[in-house]
Every structure is written in C-alpha cells, then in structure tokens.
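Peer 1: mind looking at a prediction? Sequence and model below.
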Amino acid sequence: MLRILRSLCAGVVLMAATSAQGQVIGNSALDWDNGGAANQGHNDWTYGYFNLTADPTDLFTPRPGVYDSVDMIPFDTATMWRPNWRVAPNGAPWTFVAQQDTHPNGTNSAPNEEHWTIRRYTVQPGDVGNGNFGVAWQAAAQNLGGGNGTESKIFYTPSATGITQEIASQLIGGRDGGGVYGGAVFSGVQAGDTFDIALTPNGADSSDGSRNRMYVRNNLTISSAFTPVAPNLNPVIPGAATHADSVADWSASGTQGENGWSYGYYDLADDVNNSNGTYDTGDFIPYLNDGSGVVSADPAIGGWKTSPNHWNGTKWDLLSNGAPVSHGPWTEISSAGGHPAANAQGDPEVHWAMRRWTSDVSGPVEIGGLLSKGGAGTGTIGRVFVDGVEVWSSFTNGNSVDVSVNVNLSVGSIVDFAIDPDGAGAFDGTPGSLTAINDGADSTNFRATISDQINKTVVADSVAEHSQVQGQDNWFYGYWDRTGDRTAADNDGVYDPFNDFQEMNTPRGAGLGIAPSGAPWTNIQAETMHPNGENNQNDHFAIRRWVSEVDGVVEIQGEVGNISAGGDGTVGRIFVNGYEILAQFTDGTIVPYSIFLEVAQGDLIDFAVDSGFFNNDGSDNTRFTAVITHISAPENPIPEPATLGLLGIGATAMALRRGK
C-alpha cells in the first residue's frame, strides 16, 4: 500500500489577485515555433541552459555557484537546433529543450558538468499594462523509469536591478508523472524583466526525461495572499504505546532475545516428511551466533548444516550465497525483512524466514506493520501466529499490504512473523508438492509492530455516502476551473479551496456534473471522477469534498487510478484546506493509498482528479475512493511492565521489561 512519506507544495504564492482583467500573454507550449533558429526570441521566449559546474570559475558571474539571469547560455542557433534545442547531436550531455519535453545533464554524464535547462519569457513594452503579472507553471517526469528525480525552479529578474530571485523550488520524483504545479503574482513588473523556468538533475541525471511549461499573465489586480498551511502528517495518538517494533528493536549485534526479539526459520520440508506438516511454536529453529561473524560458504549441498554461526555481522544468513556456493538455501533475516528458501539451484530445502517477539505485556493489542515485495517471481506470503495459531496472512508480489489484527496477549505469549516462499500456492500438504515451491526473487520487506489497540470509527465513506445532494453526510461535489483561474477568478493559478471550488448541480448518471452528457466531461459518480481537459475548452479538476465533522487523528485510505490506459493518464490529488498531501499519477492502473493526519472540525478535504500534464481528457475516467476513519486513544491502555511492577504484579513482570 502506498504510504505517503513526503509533502508536496501545491503552489508558491507571493501575492494573490482578483478580477477578470488578467490575460495570458505567454504560454511556453503554444508559443513554441519549430522554425529552427527563428525559435530563439519567437513570441518573446528564449531557450538555454545554466552550467552550474563551470559557474564558480566564471569571472563574469555576479554570484559564483548561484543562478543569475546572465548565467543562462543560449542554445546556439547555428549548431544546436536538431529540431529541438540540444547541446550534443546525440548522447551526453543530455541537455535539451523541446516544446514541452526537457532533460538536464548531471555530473555523472559527459562532460561531467551539471546543466539546468532554461525556458525564459522576456517582458516587452506592450506587455507591461498595470505592472501586475502572474506566472503559473507545471513540471513532471516523462521517463517514469525511476532515478532520483529532478527539481523544478522558477526565477524572476527585474531589469531595474538585475538581481535574480528564486521564486519556487519543487522536487519531482523519478516516477512522478503527475508532477508539481504552482503560481505566483508580482507587482511593478517592467519591460525587460524576465521569468525563467529551470529544471535541474537533482544530482545524477538517470531517467531524467521530463516535461515543463510556464504561463505568463498581465494586468492583474493584486489583493491578499492565500498560502496553504501544511497539516500535521505525523500525528501521535496520546496513550497508544508501541510495545515492539521489529525495525527499531533490531539487534545490530545479532543478540537473540534482545528487546524480546528472536530470529530463526521453519523447516517446512522436514516437518512434512517427519512430523505433522503444520507450523507450531516448537517448530521455530533459532539462528546461531558464535561471535565469529563468518557464515558458512560450504559449496556442498547441505554443508551449511554443521555451521555454528549464522550471523554475518549485519543479518542472519544460513549460507553465504556467492562463489564458490552456487545453490541455496537463501534463508535470511534482516532488520527490514528477509528471504525464505525453496528448491534453489538444486538445494531441496524449503524454509520460512521468521522473527519472533515474546510478549512482556498483557492485554488487547494491535499487531501491525507493512508487508511488501518487488514484482518478480511468484510472490510470497506473510504470516502472523500468536502462540502457534495463525491470526493473519497475505500474499504480496509487487504491492504493499498493511498488517492489522487485534489480539489479546499475555506475558510470555509468542508472536511469530513468517515469510513463506509459496506465493503460487503450489504446496498442497503432500511431500511431492514441496518441489513445486519456488523462491526466485523472494526478498520481502516485513515490518512488524505491537501496539495498544486504538479506537477506530469510520466517519466518512465516499462510495457508501455518495448522493446527488450537496452537503449530504458532509460531502460536496464540484470542480476547479484551472484554465479560468489563469485569466480570471483569483488569477494566481493555484487551487484556493475557499474561492476556487464551484459546485456542480446538474444530474449526470447517478452523480453530478456540469452538463447532463458530453463535454465538458467534468462529473463525479459514486466510485469514479472525470476531469475536463483543454482539448474540450477549459481544464477542470473534478473535486469531491468532505468537510470534517471531527477533531483529532484520522486515516484516509482508498484507491486511485485511471481506469483506461487509452489516454495519457490522470492525477489524483488530495488537498487539506488547499495544501496538497497526495499527487498520484496513474494510466491504466489502480493504486491503494493510506494517509494519517490531524484534522479539525470544518477542515476542507478535497479529492481531485485532473487530466494530467497535457490537459487532455481522453479516456480519463478515474476511480477515486476514500474511507475516513477517526482514530482515538484506547480507554484503558496497557501499562508497561515497570508500571505493572509498581502496581504489585511482581518482580517477574519487571524482569521481562525491554530496553527502549
């Protein structure tokens, strides 16, 4: 399951604006000219790059190592038009600018220089008007192959001072096809002032193919600013203690029993052939540690079985699987997870990789965590046992799964977490079926926690509570006209939930839309949402809004995904009072999400779908569901063992206390 570990900036706003006077005078995509050398300066746009590596040695730069407008090196009209702007005819440096595509260069690529690509708009005398300008922008990954992402930057340079100001800087993940957007407005703009949109490699330039564009507007009327405030995305639930955490409690010295954790494996093949073939607590085989840090590298099948040590200094490992060893087992446990074993390269072993926590508390707890694995192979199964009874299991292969199960523990209860290699379900309980289990690419992350049970109450469900009545169950249905926002409304190009949200009240199917059918396609149904693109006039975000009726911590979870891969994808976004906490690009896939945050009564939580970077709404019907759960502290949290001792439980419980 997707968990959100970053906070996206929905927009950088210096000042906001009102009135319908603004008009777009510069659009980097529409103003592009494929006419070769004539492209430089066409429609007041110029193109170039900034050589950050060479800048500190440039005697003419105002601030060595800092971007200034004079640092932009224009692409040479005679040698760099190919038919886009590119420093080299092919290969590195990768520095190029096309109509919307662009690619920076990193120091990892020849000539080992960092290049930022630049699009620049220069204000002309006829543009100035009242001197109040607005700039809006978008930037996203085009190559979704990964890498460490890029960074989008916006600069403004007043011609009167020549001092370049950095207006915005936003990181873009290597697989973030939805990207970032923003807007800012300025007063006192004069002819000769410049606005630059730059893209940096953010380090190495691997998979840095990207897209960006910028809009420039004039004749705005400046008013007060809207600045979104970040919600608390790391809330703490008072009174809900975590008693064990497999990552935080990991023994870096390989000490069995440290913090209550033990590490081992289950020999399924031996159990099937010589016992009942069903896991129980006595089947747990602990790893050995003799302090040598040397793991068996015996090339003989089964040679590892005489080894007195399974700790290699960083993890538990039955066999060092490298030359001269050319077979399994791959049985391992690390702080993050582990690897099971099954018939690897001629080795007949079938093992579950396991970790065990022995409880030092008594009472109701939640066993939680996260199970995940890459998409290769046939998958694995995560399993949880309490005193030998299986209480939870799940398959994983290329996805993440939340672990959550409520149980009652006693002091001394045994909680086992296992990684089973049989993701394909080949084992049917018979000895013959053991050979069909495969452990290829079975490295699995499995984090485990044991915490006080918390109270969870569902307070909103976008599917179950969907209706055609605005405000029913605190749900509202509307849209944001982003195209119109660039020329009218508040003119800042940034979503303002207090002014930009417009309700839709026309029945469309079982939901609501702007029109009963056809374009604009903006509509919201029980499970799906459809934006409108600029290919059908204005760019609309379809927005489903919930107004919070609770204070405290909530979990928002659901699914988001462009149902059809026939278009160019959509972006699902979540805003809290205008602050963006999720931006998920999808194109024919469904992605689960889960976010914890702190809310107050009256907070606006908006679930939005837009038509993607190209603002084209073809095949853009998108599933976007949300269940909002209010989370509160347990009424009777479990005392830690030290407290139990003070209450007279006795020294036995005291002796079991873990160091935290």
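Peer 2: Yes, it's here. Given the structure is predicted, the values throughout are model-derived calculations rather than measurements.
Peer 1: just so I have it, where are all the helices in the chain?
Peer 2: Along the chain, the stretches classed as helices by DSSP state H are 268-274, 482-487, 641-646, 651-655.
Peer 1: with only the CA atoms kept, save the longest one in PDB.
Peer 2: Extracted in PDB, the C-alpha atoms of helix 268-274 (Å, rounded to 0.1, in the frame of the first residue of the first chain):
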ATOM      1  CA  LEU A 268       8.700 -27.000   6.200                       C
ATOM      2  CA  ALA A 269      10.100 -29.900   4.300                       C
ATOM      3  CA  ASP A 270      11.400 -31.600   7.400                       C
ATOM      4  CA  ASP A 271       8.100 -31.000   9.200                       C
ATOM      5  CA  VAL A 272       6.100 -32.500   6.300                       C
ATOM      6  CA  ASN A 273       8.400 -35.500   6.000                       C
ATOM      7  CA  ASN A 274       8.900 -36.300   9.700                       C
END
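Peer 1: tell me the mean pLDDT over it?
Peer 2: In this model, helix 268-274 carries a mean pLDDT of 97.
Peer 1: burial measure for residue 534, as a count.
Peer 2: Applying other CB atoms under 10 Å, we find 15 residues neighbouring residue 534. For every residue, glycine as well, the C-beta is placed using N, CA and C.
Peer 1: I figured residue 434 hits residue 269, correct?
Peer 2: Yes - between residue 434 and residue 269 there is a contact under CB atoms under 8 Å: 5.3 Å.
Peer 1: sketch out the low-pLDDT regions of this protein for me.
Peer 2: Low-confidence segments of the chain (pLDDT under 70): 1-22, 36-38, 222-225, 238-239, 486-492, 635-660.
Peer 1: what is in contact with residue 434 and residue 269 at once?
Peer 2: 348, 350 (CB atoms under 8 Å, 6 or more residues apart in numbering).
Peer 1: any idea how far residue 325 is from residue 287?
Peer 2: 18 Å (CB to CB, to the nearest Å).
Peer 1: quick one: which of those two has more around it?
Peer 2: residue 287 (22 against 19).
Peer 1: need the contact list for that one.
Peer 2: Residue 287 makes contact with 256, 263-265, 310-311, 316, 318, 333, according to CB under 8 Å, 6+ apart.
Peer 1: for residue 383, state which of the residues you listed is nearest.
Peer 2: residue 265 (13.0 Å; CB to CB).
Peer 1: quick one: that closest one and residue 330 touch, right?
Peer 2: No - Residue 265 is beyond contact range of residue 330, at 10.9 Å (criterion: CB under 8 Å).
Peer 1: the more surrounded of these two?
Peer 2: More crowded of residue 265 and residue 330, by other CB under 10 Å: residue 265, with 28 against 25.
Peer 1: now for the closest residue in space to the more buried one that isn't next to it in sequence, how many residues are close by?
Peer 2: Nearest residue to residue 265, sequence neighbours excluded (CB to CB, 6 or more residues apart in numbering): residue 351, at 4.6 Å. If you count neighbours by other CB under 10 Å, residue 351 ends up with 28.
Peer 1: wait, residue 351 sits on residue 329?
Peer 2: Yes - counting by CB under 8 Å, residue 351 touches residue 329, with 5.8 Å between them.
Peer 1: what residues are shared contacts of those two?
Peer 2: Residues touching both residue 351 and residue 329 by CB under 8 Å, 6+ apart: 318, 341.
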